[in-house]
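K.L.:
fold the following for me, if possible:
(2 chains)
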Amino acid sequence: MTRSEEEEARIADLLAVARRRDREAFGRLFDYYAPRVKAYLRRLGADEQQAEELTQEVMLAVWRRAAQYDPRRATPGTWIFRIARNRRIDALRRERRPPEAEEAEVEAEAGGEEEAAELPGAALEAASEALLLEERLRAAIARLPPEQAEILRLYYLEEKPQGEIADALGLPLGTVKSRLRLALAKLRDYFAENKVART
Amino acid sequence: MTDSTDLDELLIAHAAGHLTEAVALVVATHLCLCPESRRRYRIYEALGGLVLDELGPEDVGAVCRARLFAALEEEASDPDCACSDPGEDPLPLPLRPYFSTRLAAAGWRHCGAFAELPLAVGREPRAKLRLLRLEPGASVPAHGHEGLELTLVLEGGLCDRDRILRTGDLGIADASIVHAPRAETDSACLCLMVANGA
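P.N.:
Alright, predicted model coming up:
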């Protein structure tokens, strides 16, 4: 399967969990995401046992909240990343993450409510927007100088990102800061030139 | 707006989960009010998804998997999220758990033409979060900062140096800036500020 076919299969699995409580589909999602969520939590300071417990909690939240997954707004990876990130803030930093208005709610409040797509086919089609964003993001990152792409990636995986990246790469802090800012400016320019349909 | 890259740095830090709770609250509220920042923030959350996707997987014990599947038996799905009624509360959603019950309550400190309501949030003792209400034309006394100061306008307009911030706009001032933001003359201004919290 190509990368985008695999991604579509995961979207279908997550929707199957949402609609039919499909345990086989959940099993496939678990086998793909749980080891990645665990790696993410380990990178951010959880010890082995804590990482396993938290991974279990994150995956249980995936099962429970699957009905809230909206394929238009996010790929399964992005959606599960959010759950893992928030769980980490709760458990490891002992702070709350302020509630975030989902895009749909913000729009509903602004008066532009839409029904979520119901049919599997329609849902996959709706997902094309989130998939397109991801594809553009991959393309944008591929155009960055490798050292800037590396800093962007590491930024998500360190507790005190800029200082720890500087230590890990043996760079002055100022260099890390300026590379991050350069990368952000380039991403912004790239997306300004290649707009994703819905904003 | 402020230097665009300053704002992007805040947005990516929020997406990656690096902000303290007080600063995260200001950024989440800004996102609620600003479609352009939401569009950029979506990119940074998608980047989080890509990073997760590309991480070298770590073995998860078979026991962990089995225990989770056993737990699923007892799990019903969550009822659709218990969202509060959007029409009723005047505050943007992220602020509601923090301020709703306190807006009308005591705790406002009045200092002439402005009043402030401080709020302790999160574990970072230096992060001073407060709501600030300025009468029309009133200004905050000139001040500098040790660190970052964020000012989010919730109602009205705020003149800050050479800019006018309107509802949803986020002012970002760093340690190098001394300023005395002033409400526009025709209406009162309500804003959410956090200082030294980055």
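K.L.:
and residue 19, what pLDDT?
P.N.:
As the question left the chain open, I've gone with chain A. Looking at residue A:19, its pLDDT stands at 93.
K.L.:
switch to chain B, please.
P.N.:
Residue B:19 is assigned a predicted lDDT (pLDDT) of 91.
K.L.:
which SS class is it?
P.N.:
Secondary structure, DSSP: H, G, I helix; E, B strand; the rest coil: residue B:19 is coil.
K.L.:
in chain B, which helix or strand is least confident?
P.N.:
The helix or strand of chain B with the poorest confidence is helix B:96-99; it has a mean of 80 (mean pLDDT, DSSP states H and E).
K.L.:
show the secondary-structure elements that it is packed against.
P.N.:
Here helix B:96-99 touches strand B:114-119, going by 3 or more CB pairs under 8 Å, 6 or more residues apart in numbering or on different chains; DSSP states H and E. All C-beta atoms are positioned from the backbone trio N, CA, C, and that covers glycine.
K.L.:
what about the helix or strand just after the strand it packs on, near chain A?
P.N.:
Counting by DSSP states H and E, the next helix or strand C-terminal to strand B:114-119 is strand B:128-134. No. On the criterion CB under 8 Å from any CB of the partner chain, strand B:128-134 is out of touch with chain A, staying 10.9 Å away.
K.L.:
what residue is smack in the middle of chain A?
P.N.:
Residue closest to the average C-alpha location in chain A (CA atoms, centre = their mean): residue A:78, at 2.2 Å.
K.L.:
what are the phi and psi values at the residue nearest to the spatial centre of chain B?
P.N.:
Among the residues of chain B, the one closest to the centroid is residue B:26, at 1.4 Å (CA atoms, centre = their mean). With angles defined as degrees, to the nearest 10, residue B:26 sits at phi -70, psi -40.
K.L.:
what about residue B:162, distance to residue B:181?
P.N.:
To residue B:181, residue B:162 is 12 Å away according to CB to CB, to the nearest Å.
K.L.:
name the helix or strand of chain A that has the lowest mean pLDDT.
P.N.:
For chain A, judged by mean pLDDT, DSSP H and E, that is helix A:103-110, with a mean of 56.
K.L.:
quick one: stretch A:179-190 to chain centroid distance?
P.N.:
Stretch A:179-190 sits 19 Å away from the centroid of its parent chain (CA atoms, centre = their mean, to the nearest Å).
K.L.:
got the buried residues for it?
P.N.:
Under the neighbour-count criterion of 16 or more other CB atoms under 10 Å in any protein chain shown, stretch A:179-190 has A:179, A:180, A:181, A:182, A:183, A:184, A:186, A:187, A:188, A:190 buried.
K.L.:
contacting residues around the residue nearest to the centre of chain B?
P.N.:
Residues in contact with residue B:26, defined by CB atoms under 8 Å, 6 or more residues apart in numbering or on different chains, are B:129, B:150, B:152, B:170, B:192, B:193, B:194.
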